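[1] everything below, folded, please.
(chains A and B)
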Amino acid sequence: MNEKSLDTTGRKPAGFFSRTISFVLDLFLITFLGLMSGVVIFIVLRFFRYKQILEYVKSLLGVEDQLGQFIVLISPMLFLIVLTYFVFFWTLVGYTPGKALLGLRIVRQDGRPLSVGRAILRYLGYWVSAIPLFLGFIWILFDRQHEGWHDKLANTHVIYIFSEHPKLKE
Amino acid sequence: MNTEDDENVDFSHSNTDLILTQPAPQTSSADYGEIEFTAEDYRTALRMLVGAALEGNDELRYRLKMWLVAIQKREQESGTTYLGVEGTGGSPLLYTTFGFLIKTANYVSRGVSTAGRVSARTSSFANRLTKPIRHSWVLRPVRQRYHKLVARWDNLVSPFEETGRSEARSSRLLVRQEVNDEMVEEFLVYVVERSKMRELIVETSAEVGGDALDDVRGRSASVDSSLDDMINKILRRKKRGTPPPSSIS
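    Purely as a prediction, here's the structure:
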């Protein structure tokens, strides 16, 4: 893993709008990946006797509805896909494709890239931020350093990594 | 199937046509760790994916159509139905969802077509109605500006479209002629055994960031600034300066 620090001197923390747009772009990509994996899972289930597996879920969790049983089956896979997506990109390059498009990067407070553990913690922080009506995300708007609850939890911040724009040079 | 000569075709990056070049030297799997995974390899992989998607889509549609025709023919000949509506047991919610999805696709398709017709008629009517005003000398500067704007937009968009078309053609050819099991396997080994993935992603991100993207980023950052100013005004606090220098190497 590349442990080289990024010089964050003079770089402004990214604002609410850029971060929201990048997050929405990531969600689009994740949805696409989720749909593709859903199709794969469906084919695999068909191959391994779909009905028997659903019966097993029914007996194990007491879910009667067929659609509900299918959702129960694919939910862990979707959770893993989303987790892998964020952790992979955050630790490898410091930004997801959505953040790359908007020229943003996630770093630790000292400018170093995220470790796997910290990335997982930040991802879990997303849920902490989302559960109380997304208050943790809206917090970015009012926080002086533009940090959400997940940033505070993982001790990270998101900065602009494109410095050509005159607005960013204060 | 391909001849030996066909297998030596290399699809180099080009906007105009495919270029025939010398075949790359054969490498053993032990050498893979030393070769860099370049942006050109990424482009080749992308072409393969695009080609597979386009060709696969055509093939799938063709086959589905053929299968449906074959099933209907068999049912007509035998006079029996293979699977009746009564054979679809299970949750009504599931079938309601399927039905909704299929009906929605039909409605959307019909709606888009109607909207297209209506908008074409409306614009034609509006064109006729406003023609004397639009062609008057008063609006000449506006007209010129508008035409310039349209020309600029065309200049901006057409290179992308041209690249897309030529790449789609290259991709289709690549998949039709060159991709076989052996190549797929070689490619997978090639991707898996490279340790330069990070550099590749960084390089690709940098390449994606053209002027247009920088403009989008700049605008987005401007919106951030405006939002920040607004919040500061509402909360009656001073504008935040540059963050204090952190302990950076």
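
[2] from here on, contacts and neighbour counts on C-alpha atoms
    Noted.

[3] just name whatever secondary elements the helix ranked longest in chain A is in contact with.
    Ranked by residue count and defined by DSSP state H, the top helix of chain A is helix A:16-47. On a contact count with 3 or more C-alpha pairs under 8 Å, 6 or more residues apart in numbering or on different chains; DSSP states H and E, helix A:16-47 meets helix A:66-92, helix A:97-101, helix A:135-142, helix B:211-235.

[4] next SSE after the host helix or strand of B:Lys131?
    In this assignment (DSSP states H and E), B:Lys131 forms part of helix B:92-134. Next along the chain after helix B:92-134, taking DSSP H and E as the criterion, comes helix B:140-173.

[5] what average pLDDT does that next one get?
    What helix B:140-173 shows for mean pLDDT is 83.

[6] okay, the helices and strands packed on helix A:16-47 in TSV with mean pLDDT, distance to A:Lys51 and mean neighbour count next?
    As requested, those are exported to TSV (pLDDT from 0 to 100; distance: least, C-alpha to C-alpha, whole Å; neighbours: other C-alpha atoms under 10 Å in any protein chain shown):
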stretch	mean pLDDT	distance to A:Lys51	mean neighbour count
helix A:66-92	82	9	17
helix A:97-101	90	38	22
helix A:135-142	92	41	19
helix B:211-235	84	49	16
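
[7] give the contact list for A:Glu89.
    Actually, residue A:89 is Phe. It isn't Glu. By C-alpha atoms under 8 Å, 6 or more residues apart in numbering or on different chains, the contact list for A:Phe89 reads A:95-97.

[8] tell me the one of those residues nearest chain B?
    A:Pro97 (8.1 Å; C-alpha to the nearest C-alpha).

[9] identify the residue spatially nearest to that closest one, adjacent ones excluded.
    A:Asp26 (6.7 Å; C-alpha to C-alpha, 6 or more residues apart in numbering or on different chains).

[10] so the one you found is in contact with A:Tyr95, correct?
    No - between A:Asp26 and A:Tyr95 there is no contact under C-alpha atoms under 8 Å: 10.5 Å.

[11] where's A:Arg105, which helix or strand?
    Per DSSP H and E: strand A:104-108 holds A:Arg105.

[12] pull up the gap between B:Arg145 and A:Asp143, please.
    Shown here: B:Arg145 relative to A:Asp143, a distance of 43 Å by C-alpha to C-alpha, to the nearest Å.

[13] give the buried residues for the helix or strand bottoming out on mean pLDDT in chain A.
    Across the helices and strands of chain A, mean pLDDT, DSSP states H and E gives its lowest value to helix A:50-61, namely a mean of 72. With burial defined by 16 or more other C-alpha atoms under 10 Å in any protein chain shown, the residues of helix A:50-61 counted as buried are A:53-55, A:57-58.

[14] coming back round to it: A:Asp26 and A:Tyr95: which is more packed in?
    A:Tyr95 (25 against 19; other C-alpha atoms under 10 Å in any protein chain shown).

[15] would you mind measuring from A:Val72 to chain B?
    Distance from A:Val72 to chain B, counting by C-alpha to the nearest C-alpha, to the nearest Å: 15 Å.

[16] for that residue, which non-adjacent residue is closest in space?
    A:Val57 (8.0 Å).

[17] the one you found contacts A:Asp65, correct?
    No - contact criterion C-alpha under 8 Å: A:Val57 and A:Asp65 do not qualify, at 10.5 Å.

[18] pLDDT at A:Ile30, what is it?
    90.

[19] and if you look at B:Tyr95?
    76.

[20] do the same with A:Asp151
    Note for A:Asp151: predicted pLDDT of 94.

[21] enumerate every residue touching it.
    Taking C-alpha under 8 Å, 6+ apart, we find A:Asp151 in contact with A:122, A:125, A:157.

[22] so A:Gly111 sits in a strand?
    No - A:Gly111 is assigned coil when assessed by DSSP: H, G, I helix; E, B strand; the rest coil, not a strand.

[23] so what's the backbone phi/psi at it?
    A:Gly111 adopts backbone torsions of phi 90, psi -10, taken as degrees, to the nearest 10.

[24] just the pLDDT at it, thanks.
    85.

[25] that one: neighbour count?
    22.

[26] next one: A:Phe16
    Neighbours of A:Phe16 under the rule other C-alpha under 10 Å: 25.

[27] what number of residues lie near the residue lying closest to A:Phe137 once chain neighbours are set aside?
    The shortest distance from A:Phe137 to any non-neighbouring residue, by C-alpha to C-alpha, 6+ apart, is to A:Gly148 (5.3 Å). For A:Gly148, the neighbour count with other C-alpha under 10 Å is 25.

[28] identify the residues contacting A:Gly148.
    Neighbour list for A:Gly148: A:129, A:136-140 [criterion: C-alpha under 8 Å, 6+ apart].

[29] out of the contacts of A:Asp151, flag the one nearest to B:Arg236.
    Checking the contacts of A:Asp151 against B:Arg236 by C-alpha to C-alpha gives A:His157 as the nearest, at 24.3 Å.

[30] next one: A:Gly111 from B:Leu46, what distance?
    33 Å.

[31] helix, strand, or coil at A:His157?
    strand.

[32] give me the neighbour count for the closest residue to A:Ile53 other than its chain neighbours.
    Residue nearest to A:Ile53 in three dimensions, not counting chain neighbours: A:Leu45, with 7.7 Å by C-alpha to C-alpha, 6+ apart. A:Leu45: 17 surrounding residues under other C-alpha under 10 Å.

[33] now do A:Ala14
    Neighbour number of A:Ala14 under other C-alpha under 10 Å is 27.

[34] same thing with the one 10 residues further on?
    Number of residues near A:Val24 (other C-alpha under 10 Å) recorded here: 14.

[35] ok, now A:Val63?
    Neighbours of A:Val63 (other C-alpha under 10 Å): 17.
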